[in-house]
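[1] Sequence and predicted model, in that order:
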Amino acid sequence: MTQRQYWLVVPAAGIGQRMQADRPKQYLQLRQRYILDITLSRLLDTGLFAGAMVPLHPDDRWFVGSDSASDARILTCTGGGDRSDSVLSGLDALAGRLSDDDWVLVHDVARPCVAAEDIRRLIVGLGEGDIGGLLAAPVSDTIKRQAADADSVSETVDRRALWRAFTPQQFRYGLLRTALGRARDRGVAVTDESSALEAMGYAPKLVRGRTDNIKITVPEDLPLAGWILDQLEHK
Ligand SMILES: Nc1ccn([C@@H]2O[C@H](COP(=O)(O)OP(=O)(O)OP(=O)(O)O)[C@@H](O)[C@H]2O)c(=O)n1
Ligand SMILES: C[C@](O)(CO)[C@H](O)COP(=O)(O)O
């Protein structure tokens, strides 16, 4: 049987508007390291991947000074206007290195607390026959739908079948490239890879992941991520 390669695409072309910092959030520091360097080393140190493609903002001036810039396992390309454009640019830039059946794991650069055990659970949980899937966790809060005035509750939503989508999200290279290309061509907005596959009628697999795999989004997430990393590294 052919041994399939596993590659990473780590979109890092965002500007971090909600973080309100003086630079994109992936270049803020946690324990004297860029978030980008922490995320990439936690992924690559698993030893599971052939390499990582990292789409960057066209005006990025920080990557060149990062530890990752001198890591031969890491390639870069220019990202796009939204996350899905950046991921598609990354997949396009990998053309010729992967065959359609190789696996790609897409992981937000803004999720540095990803645990190696979660990555392994995702890869093992998706059999060779599967189209792919994602790390996710069942919603645990009571969920409200806002009313038209945006200030009050219209209803409480039944949460029993609701999951929060995380990354990594793992799909076959060829199918993911096709799905994201179609979503773009049809003007379908997709905020994750699974949505692009769902739009083609596929049902990606949900693999339960750790809820401390947070996406650093707003300022209060930064100290929380530092604390989570301390716990993960002292286990
Ligand atoms: N055009 C874009 C937008 C986002 N991303 C990446 O997609 C991931 C998730 O996006 P998000 O957390 O929303 O990051 P930002 O877009 O940077 O944040 P904001 O929405 O607050 O501006 C991040 O790793 C981000 O760098 C990207 O590669 N290209
Ligand atoms: C991919 C993702 O992190 C899954 O939760 C999320 O969809 C990214 O969304 P954002 O709109 O870019 O924050």
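    Alright, I've got the coordinates. Ligands and ions are numbered 1, 2, ... in the order given.
[2] Quick check: phi and psi at the closest residue to ligand 1 within the chain.
    Residue of the chain nearest ligand 1, by Cβ to the nearest ligand atom: Gly14 (2.1 Å). Glycine gets a C-beta too; all of them are placed from N, C-alpha and C. The phi/psi pair for Gly14 (degrees, to the nearest 10) reads phi -70, psi 160.
[3] How about the contacts made by it?
    Gly14 sits next to Pro24, Lys25, Gln26, His57, Arg83, Ser86, Val109, Ala110 when contact means Cβ atoms under 8 Å, 6 or more residues apart in numbering.
[4] what about dumping the CA coordinates of stretch 195-213 to PDB?
    The C-alpha coordinates for stretch 195-213 follow below in PDB (Å, rounded to 0.1, in the frame of the first residue of the first chain):
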ATOM      1  CA  SER A 195     -17.600  24.000   5.400                       C
ATOM      2  CA  ALA A 196     -16.100  23.800   1.900                       C
ATOM      3  CA  LEU A 197     -16.500  20.000   1.900                       C
ATOM      4  CA  GLU A 198     -20.000  20.300   3.400                       C
ATOM      5  CA  ALA A 199     -21.000  22.500   0.500                       C
ATOM      6  CA  MET A 200     -20.100  19.700  -1.800                       C
ATOM      7  CA  GLY A 201     -22.300  17.300   0.100                       C
ATOM      8  CA  TYR A 202     -19.700  15.500   2.200                       C
ATOM      9  CA  ALA A 203     -20.000  14.800   5.900                       C
ATOM     10  CA  PRO A 204     -16.600  15.400   7.500                       C
ATOM     11  CA  LYS A 205     -15.900  13.400  10.700                       C
ATOM     12  CA  LEU A 206     -16.000  15.100  14.100                       C
ATOM     13  CA  VAL A 207     -13.100  14.000  16.300                       C
ATOM     14  CA  ARG A 208     -13.300  15.200  19.900                       C
ATOM     15  CA  GLY A 209     -10.500  17.600  20.800                       C
ATOM     16  CA  ARG A 210      -9.300  19.400  23.900                       C
ATOM     17  CA  THR A 211     -11.100  22.600  24.700                       C
ATOM     18  CA  ASP A 212      -7.900  24.400  25.700                       C
ATOM     19  CA  ASN A 213      -6.900  24.400  22.000                       C
END
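[5] Could I get the average pLDDT for that stretch?
    Averaged across stretch 195-213, the pLDDT comes to 97.
[6] Buried residues, that stretch. List them.
    Neighbour counts using 16 or more other Cβ atoms under 10 Å place 195-198, 202, 204-207, 209-210, 212-213 of stretch 195-213 among the buried residues.
[7] Please identify which pair of the residues you listed lies farthest apart.
    Largest separation among these by Cβ to Cβ: Tyr202 and Asp212, giving 28.5 Å.
[8] The residue of the chain most remote from its centre: which element?
    The centre of the chain is farthest from one residue, Asp149, which by Cα atoms, centre = their mean lies 33.2 Å away. Using DSSP states H and E, Asp149 maps to neither a helix nor a strand.
[9] quick revisit: counting neighbours, which of the contacts of Gly14 comes out on top?
    Gln26 (32 neighbours; other Cβ atoms under 10 Å).
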